[in-house]
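S.K.: okay, predicted coordinates and the sequence, questions at the end:
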Amino acid sequence: MSPHSPNTTGNRSFIPHRARSTALTLTAATALLASTGIAQASPVAASVDLAEAPNVEITADQEVASELPSTVGGAASEDLLTDAVVEDTLAEYGTGLPALDEEDREVRVDIRETDGEAAFGVAIVTAATDSEAGDPQAWLFTSEYDTGEWLVGLEGTPEFSDMLADSELMDAEQRETVSTTTDPDRVSSSQYTGVGLPFRIGTSMIMTGGPHGGVGQSVDFAGGNGTAHASRGGYAYSLCNGWTRVIHDNGYSTDYYHLEDYQWLEGNVPTGHYLGTQGNSLCAGGSTTGAHIHYSLRAYSDPNAAGWFVPVNGKTLGGWTFVEGASYGGYAYRGNATVYPGQWMYNHGF
């Protein structure tokens, strides 16, 4: 479904993604990497052209691709950048392309902005279309071109924050917010997350699934008026058409997946800003059994796992403290009140 048109209300400005009608999407047809059968393969050597792998997809519109620096030897400019981004992504994820390919998963690199010497975008490791496959993973990335190679920083690493702090690809206020709040050397997180739930404060939805995901980082909601809203203000960025991340000012970010009637965002939003409706979007893989909001928590305070999902177990969101049980089970409590999956939950805010 097409995203909502960008809008401005009062002093709330939302920066749209650049037009995608001329998007260039390149999926290599050459079977570069043979399957190894190893569940946790080492990242492929940097000398291999990762951009040519059959399960690597590159997206960049024509304008962005044309502004990237020329390469020696005839390689496409976006391929050189993609090689660097994929190499860092595989190292962060701790696996290789053959292992991902066995699970029918891809690495997608979406190059959104460039000024010729720097670039900014999204790297996604998709989930398999299997109910047990776990969540997709995604990182914002920034990169700098230096003497024939791209240096890359992934969201949640000091390199990302350092590069972004000097970048001109983002508004100064947004750049300061994002670079500061995603730097593991400058933030701390606690049981009190300072975020609400993924729907309007003062309203209710049904918790259709308790804590689940790879580390118990996600909770599912449906019902009510069916709309998703930012659980706290921050820098909102559309990862793909149905998945939004909001980076908050307190060392946490929140993800909203499976959204439809979707608003494409790239900029600061206030608490409660409309993101989309509950849905079944699978823009980065996975599966659904019914329309819902897949709500997940990420943190940036651990330098060994910066920018990764973190468990909601023991953490307070929307005034409720969550307790993990069996996958999709567990419960949340507030004072003497307890909510189990299948019951309504009221968003008290933060």
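M.R.: Structure received. Numbers count the residues shown, from 1 in each chain.
S.K.: pretty sure residue 185 sits against residue 158.
M.R.: Yes - Residue 185 is within contact range of residue 158, at 5.9 Å (criterion: CB atoms under 8 Å). Yep, even glycine has a C-beta here, placed from its N, CA and C like the rest.
S.K.: ok, these two, which is more surrounded?
M.R.: Taking other CB atoms under 10 Å, residue 185 and residue 158 do not tie; residue 158 has more neighbours (15 against 11).
S.K.: distance of the more buried one relative to residue 164?
M.R.: Distance of residue 158 to residue 164, given as CB to CB, to the nearest Å: 11 Å.
S.K.: circling back: any common contacting residues for residue 185 and residue 158?
M.R.: Listed as contacting both residue 185 and residue 158 by CB atoms under 8 Å, 6 or more residues apart in numbering are residue 303.
S.K.: just checking, residue 313 touches residue 213?
M.R.: No - Residue 313 sits out of contact with residue 213 when judged by CB under 8 Å, with a separation of 11.2 Å.
S.K.: those two: which has the busier surroundings?
M.R.: residue 213 (19 against 16).
S.K.: need the contact list for residue 345.
M.R.: Taking CB under 8 Å, 6+ apart, one finds 197, 204-207, 221, 318, 320, 332, 339 in contact with residue 345.
S.K.: pretty sure it belongs to a strand, no?
M.R.: Yes - assessed by DSSP: H, G, I helix; E, B strand; the rest coil, residue 345 belongs to a strand.
S.K.: so where do the strands sit in the stretch 151-300 of the chain?
M.R.: For the stretch 151-300 of the chain, applying DSSP state E, counting those that start in this stretch gives strands covering 204-212, 218-222, 227-229, 234-240, 243-247, 252-257, 266-269, 274-277, 293-299.
S.K.: make a markdown table out of those and add distance to residue 345, mean neighbour count and mean pLDDT.
M.R.: As requested, the strands of the stretch 151-300 of the chain are exported to a markdown table (distance: least, CB to CB, whole Å; neighbours: other CB atoms under 10 Å; pLDDT from 0 to 100):
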| stretch | distance to residue 345 | mean neighbour count | mean pLDDT |
| --- | --- | --- | --- |
| strand 204-212 | 5 | 23 | 97 |
| strand 218-222 | 7 | 24 | 98 |
| strand 227-229 | 14 | 24 | 98 |
| strand 234-240 | 22 | 24 | 96 |
| strand 243-247 | 20 | 25 | 97 |
| strand 252-257 | 16 | 26 | 97 |
| strand 266-269 | 23 | 20 | 93 |
| strand 274-277 | 18 | 22 | 98 |
| strand 293-299 | 11 | 26 | 96 |
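S.K.: which one of the ones you listed lies nearest to residue 283?
M.R.: strand 234-240 (3.7 Å; CB to CB).
S.K.: export the strands of the stretch 151-300 of the chain to a markdown table and tack on distance to residue 146?
M.R.: Output for the strands of the stretch 151-300 of the chain, formatted as a markdown table (distance: least, CB to CB, whole Å):
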| stretch | distance to residue 146 |
| --- | --- |
| strand 204-212 | 42 |
| strand 218-222 | 38 |
| strand 227-229 | 40 |
| strand 234-240 | 25 |
| strand 243-247 | 26 |
| strand 252-257 | 28 |
| strand 266-269 | 26 |
| strand 274-277 | 36 |
| strand 293-299 | 29 |
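S.K.: quick one: neighbours of the closest residue to residue 348 other than its chain neighbours, just the number.
M.R.: Distance criterion CB to CB, 6 or more residues apart in numbering; nearest residue to residue 348, sequence neighbours excluded, is residue 319 at 2.8 Å. A count of nearby residues for residue 319, using other CB under 10 Å, gives 18.
S.K.: am I right that residue 319 is in contact with residue 332?
M.R.: No - using CB under 8 Å, residue 319 and residue 332 do not qualify as a contacting pair, with a distance of 9.3 Å.
S.K.: most residues in a single helix of the protein, which one?
M.R.: Determined from DSSP state H, the single longest helix within the chain is helix 77-93.
S.K.: which parts of that helix are buried?
M.R.: Neighbour-count burial for helix 77-93 flags 77-90, 92-93 (criterion: 16 or more other CB atoms under 10 Å).
S.K.: among those, which two are most distant?
M.R.: So, the buried residues of helix 77-93 by CB to CB: farthest apart are 77 and 93, at 24.7 Å.
S.K.: and residue 255, bridged to which residues?
M.R.: Counting by DSSP bridges, residue 255 forms beta bridges with residue 245, residue 296.
S.K.: so what's it up against?
M.R.: Residue 255 sits next to 239, 243-245, 294-298 when contact means CB under 8 Å, 6+ apart.
S.K.: from these, which is closest to residue 343?
M.R.: Using CB to CB, residue 295 is the member of those that lies nearest residue 343, at 16.1 Å.
S.K.: wait, the closest one sits on residue 196?
M.R.: No - with contacts counted by CB under 8 Å, residue 295 stays clear of residue 196, the gap being 10.3 Å.
S.K.: what is the burial count for residue 190?
M.R.: With other CB under 10 Å as criterion, residue 190 counts 13.
S.K.: got the confidence number for it?
M.R.: pLDDT, the model's per-residue confidence, is 70 for residue 190.
S.K.: what packs against the longest helix of the chain?
M.R.: strand 56-61, strand 107-114, strand 118-125, strand 137-146, strand 149-154 (3 or more CB pairs under 8 Å, 6 or more residues apart in numbering; DSSP states H and E).
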